[in-house]
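Q: my questions concern the predicted model and sequence given below.
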Amino acid sequence: MKITLLVTTFNSLSQMAYTKFKDLGHKVDVVYAINDEQMISEVEAFSPDIVVCPFLKKFVPKKIFTKYPTFIVHPGIIGDKGAYALDNAIRKGVKEWGVTVLRANEEFDGGDVYAEIRFKIRNSYKASIYRKEVFKSASKALDLLLERIEDKNFTPIKQSNTPMH
């Protein structure tokens, strides 16, 4: 399969997704999200089977997500939408959190959910939780994504109709 990683930066999650997909034998391209025209041009040049966004701070252009199945790795549970998801969970003192993989659509973090992996939030700082629990959960969620997009009987879960934080 040809997979484009659409990223803001090539951080630990982006690197994990890249090596995971390469190790599984997929052809992987990395596109940095600089501006809409550049993203569209580079994605179209590679013509991927799917686009995965393991760390993206920009909205995916409609021209991409309507032409290519595009999936957002979000460090939040079903119903969570918006930036600083992990920060908000820690600030609120939640005991359990997770990572979801959503299909990109016209609503920020509003697409159908293809995977959700939950984890306990330990008493630590954000960077440590991100590098351990979020990292491991995102890896498992990407495994589920690959399984589920191949499964013709899989029906994604509708994202909750909740407001963005």
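A: Received the coordinates, thanks.

Q: quick one, phi/psi of the residue nearest the centre of the chain?
A: For the chain, the residue nearest the mean C-alpha position is residue 73 (1.3 Å; CA atoms, centre = their mean). With angles defined as degrees, to the nearest 10, residue 73 sits at phi -90, psi 110.

Q: wait, it touches residue 142, no?
A: Yes - judged on CB atoms under 8 Å, residue 73 makes contact with residue 142 at a distance of 7.1 Å. In short, each C-beta sits where N, CA and C put it, glycine included.

Q: list residues touching both of these two?
A: Overlap of the contact sets of residue 73 and residue 142 (by CB atoms under 8 Å, 6 or more residues apart in numbering) consists of 17, 52, 54, 101.

Q: quick check, nearest of the residues you listed to residue 127?
A: Nearest to residue 127 among those: residue 54, at 16.8 Å, using CB to CB.

Q: contact partners for the closest one?
A: Here residue 54 is in contact with 5, 7, 13, 14, 16, 17, 73, 138, 142 (criterion: CB under 8 Å, 6+ apart).

Q: go with 10 Å
A: 5-8, 10-18, 20, 71-73, 101, 138-139, 141-142 (CB atoms under 10 Å, 6 or more residues apart in numbering).

Q: among those, which are in strands?
A: 5, 6, 7, 71, 72, 73, 101 (DSSP state E).
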